[in-house]
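> quick one, structure for this:
(2 chains)
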Amino acid sequence: MLNSLMSYFGSTVTPGQAGNQLWALIYVLIIFTGVSVAVMAMNWLERKALAHFQIRLGPMRVGPHGLLQPIADALKLMLKEDIIPAEADQFVFWVAPLIGLLAAFTVYTVIPFGPSQAVSDMNIGILFMLGVSSLGVLGIVVAGWASNSHYPLIGALRSSAQMVSYEVAMGLVVVSAILMTSLHGIGMYGVTGNGDTGTLSMIGIVQAQQEQHIWFIFKFFPLGLIAFVIFAIAMVAETNRAPFDMAEAESELTAGFHTEYSGLRWSLFMLAEYAAMIAVSAIAVTLWLGGWMRPFPNLLNAPVWEFIFSLFPGLTFVGLAAIAFIGAARMPAHSFFKIQRIGLAVFAAALGFIALVLLLIAVAGRSADTSVAARFREGIDYVYWFVFKVAVFMYLFIWYRATWPRYRFDQLMRIGWKVMLPISLGVLVLTAIVGVIFS
Amino acid sequence: MSIHNSDSVNEVSHLDLEAPDRPYLDSNELIINMGPQHPATHGVLRVILKLDGERVLGTECVIGYLHRGVEKIAENRTYTMFNPYVDRMDYVAAVSNGLGYCEAVEKLLNVEAPPRAQYIRVILTELNRMASHQLWLGTHALDIGAMTPLFYTFRDREEILKIFEKYCGARLTTHAFRIGGCQYETYAGFEKDVKNFLTFFAPKIDEYEALLTTNRIWLERTKNVGVISAADAIALGVTGPVLRASGVKWDLRKAQPYAAYAKFDFEIPTGENGDTYDRYLVRMAEMRQSMRIVEQAVNAIPEGPIMAKVPKVIKPPVGEIYHSIEAPKGELGYFIVSDGSTQPYRLRVRPPSFVNLQALDVMVRGLLVADVVAVIGTIDIVLGEVDR
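Predicted coordinates for the structure are as follows:
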């Protein structure tokens, strides 16, 4: 077992490909906890960022600057009475949030945080991803139906129609991105390995961008950009977020499909929603924004640039630690805030410690050899840039929510079918034509 | 009522409230309750919706959840004692309520408030109109899904409430006026505060408009939604911004000037299409007009007494009076019957929200559930006033 653990360490393929079940399991655990923590952090960040958009403070009471609020919320939700309405279909009601959660988390098996930093690299990765993530709608529809109540039913109907119609446009632009992997005759990425064909593998798609020296968002300008924008819109609709949050539309349907849900079951829906947001952002990053690649990996490929970019993860944590320290220093002097100040200082110290470790790793692994430190440094860089890009999308999700009113259902459908579908079809056809002409 | 054909009237008033014959999943038609506990019905309004899928076939408003018997209370209170009660009707525009009541009783007594009191009344009432429109804008935008304007409007409304608080000690239910004038002289620095507010507020209206007026989603959600024609609006007795947005230039401040309004120069903003967007524009323009009025009033505020000679015990002569003012939501009228005693024999309020709410059914028929919420917001109801 130890051998199996050590033998894989530093491998360049995913544990799924290496057939190393132990490491695959470890990756699954890391991703599961990572995503759960990310969802909690996202919860806090959304409330804080939204609050500051709206000249409020957001959570401030539980922990310094409300840092422990997500934990308090999670505890509260777990301890809350779990109500199943008398008229509800008990089994379906029980199983609905699990479907959504399962769909949202299964997607993560193929998300490439790095060339080997994924649970598995399937040769049909992107298809698997689209397929599984669209299962999420089943959870919502089933939840609305099982509640046996009007508002959830309307919410479920809305979300099923919405997700189905936006998935068409989404699928078409994804296909255009897949076409881009094979054009120029530069094939042979990922696991397909047969020449000119391009790839559906998530890792292969990123490698194709690396080989072609271009993020697909810029390829065949403006085709890649249009495809990306279509996807960026469709993914908001797909995850039922503002301004397309018709399924829960608080001011219209009280809470939409999860009106009858409470406590832990409700929190599972929230978990699934945020996990799905991260997942679709990860797809967008993988397909158009170069996945795990740092900016200009080919242009600035001198070792000194490599070193400078590898400092970014550490410096980010230095920045976070500095913000936390300033926050602690700015706490009011009153003794009431003493514990909060100490807590924030400890949090800042922890962030600083992480920063230190990351910087040390960056320094120790600066040579491009195959030593453990270098491998570690590379892995951290990959994950860092991937997470950074995804985080930008997460911020956009919050920004949308703060800025825009909600679309009406028929307008949403009109945009989906009459605007986005023709455009995405056009992009697909043009991509194919342009690709043939240029190759 | 000539605005419906008779069939549709029957359909509303005989909305089948029993459970549908078939279980609801086997039928396209749903009857659902929106409210009284619903985030977008502005309090405790209950609307029974008959839906075909999401399309509204008919509505029925059920009101009375906030009924406190204000009109009956009036019969058991002296004229002076009843004055604070009117603040509790439209509690976001309490100053207007007080103005209407005080002027009605003054008319009955045949006294007139001195000029300085009238100017103070105009300033406070117009400030209150802005506060009321701010609250409307925030909640209306929230109903349509834009969360952020709510907090901006509440931030700025706070400045108005601060002026009220400094003037009379209360922020919301101000009881600012008395029969015959005002009880309080303006505090030192009142005029400066008001002027500061005006300079502070002018760019804030632009800020709200920057968020909404040309926002594509806002346009799609409000244009041609909840259209009511001028004829329908008049037939239903709709007043205020809702009426003006349909193109009828009717504002009691101009039509039957009361207080000191005849002395000020301002315009009556009107719309053309009578849709939700026009009502939005009209109210935004009204805020700007209110600023104009306040500016003129605060610059020309005369010196002098603030209280007319009113007997300690108010005993109006036998008779009846109807006096109405232009409240932020429309025509607010008081009908008072005096039997010569210290208490009204009968007091009837004509609340703008209650009357305007009648137009809901005309406006939302054939629209979607999401529009019902938008239309409830655009009518600008306060349930305290609807139910009294």
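
> what parts of chain A come near chain B?
A:50, A:53-56, A:150-151, A:153-154, A:157-158, A:242-243, A:245-246, A:249-254, A:401-411 (C-beta under 8 Å from any C-beta of the partner chain). Backbone N, C-alpha and C define where each C-beta goes, glycine included.

> buried subset of the residues you listed?
Neighbour-count burial (16 or more other C-beta atoms under 10 Å in any protein chain shown) applied to the residues of chain A next to chain B gives A:50, A:53-54, A:150-151, A:153-154, A:157-158, A:242-243, A:245-246, A:249-254, A:401-409, A:411.

> of those, which belong to strands?
Under the assignment DSSP state E, these contribute nothing to strands.

> looking at the stretch 301-439 of chain A, which residue is nearest chain B?
A:R406 (2.7 Å; C-beta to the nearest C-beta).

> quick one, what contacts that residue?
A:242-246, A:249, A:251, B:144-146, B:217, B:221, B:370 (C-beta atoms under 8 Å, 6 or more residues apart in numbering or on different chains).

> which SS state does the closest residue to A:P85 other than its chain neighbours fall under?
For A:P85, ignoring the flanking residues on the chain, the nearest one in space by C-beta to C-beta, 6 or more residues apart in numbering or on different chains is A:E260 at 5.3 Å. The local conformation at A:E260, judged by DSSP: H, G, I helix; E, B strand; the rest coil, is coil.

> I'd say A:I154 and B:V369 touch.
Yes: with contact defined as C-beta atoms under 8 Å, A:I154 reaches B:V369; the gap is 6.9 Å.

> can you name the residue of the stretch 51-200 of chain B nearest chain A?
B:G145 (2.7 Å).

> show me where chain B has its strands.
Counting by DSSP E, the strands of chain B are B:29-34, B:46-52, B:55-62, B:177-178, B:181-182, B:319-327, B:330-338, B:344-350.

> tabulate these (JSON lines), appending mean pLDDT.
As requested, these are arranged in JSON lines below (pLDDT from 0 to 100):
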{"stretch": "strand B:29-34", "mean pLDDT": "79"}
{"stretch": "strand B:46-52", "mean pLDDT": "83"}
{"stretch": "strand B:55-62", "mean pLDDT": "83"}
{"stretch": "strand B:177-178", "mean pLDDT": "88"}
{"stretch": "strand B:181-182", "mean pLDDT": "86"}
{"stretch": "strand B:319-327", "mean pLDDT": "90"}
{"stretch": "strand B:330-338", "mean pLDDT": "91"}
{"stretch": "strand B:344-350", "mean pLDDT": "90"}
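
> let me have those strands in CSV, adding mean neighbour count and distance to chain A as columns.
Listed next are the strands of chain B as CSV, based on neighbours: other C-beta atoms under 10 Å in any protein chain shown; distance: least, C-beta to the nearest C-beta, whole Å:
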stretch, mean neighbour count, distance to chain A
strand B:29-34, 18, 4
strand B:46-52, 19, 8
strand B:55-62, 18, 10
strand B:177-178, 24, 33
strand B:181-182, 24, 34
strand B:319-327, 20, 25
strand B:330-338, 23, 24
strand B:344-350, 19, 29
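
> under the pLDDT cut-off, which ranges of the chain? List them.
By default, I'm working from chain A. For chain A, the stretches with pLDDT under 70 are A:1-12, A:18, A:183-197, A:247, A:249-251, A:368-370, A:438-439.

> wait, chain B was what I had in mind.
B:1-28.

> enumerate the residues of it near chain A.
Near chain A, when you scan chain B using C-beta under 8 Å from any C-beta, you find B:24-25, B:30, B:32, B:38-40, B:53-54, B:141-148, B:150-152, B:155, B:211-212, B:215, B:217-218, B:220-221, B:368-373.

> quick one on the thing from earlier: and for A:I154 and B:V369, which residues touch both?
With C-beta under 8 Å, 6+ apart, A:I154 and B:V369 have common neighbours A:L253, B:E54.

> how near is the nearest residue to A:P243 once chain neighbours are set aside to B:F190?
In space, and not counting its chain neighbours, A:P243 is closest to A:W404: 4.0 Å by C-beta to C-beta, 6+ apart. As judged by C-beta to C-beta, to the nearest Å, A:W404 and B:F190 stand 40 Å apart.

> nearest residue to the residue of the stretch 251-388 of chain B at minimum distance from chain A other than its sequence neighbours?
When scored by C-beta to the nearest C-beta, the stretch 251-388 of chain B has B:A370 as its residue closest to chain A, at 4.7 Å. Residue nearest to B:A370 in three dimensions, not counting chain neighbours: A:R408, with 4.7 Å by C-beta to C-beta, 6+ apart.
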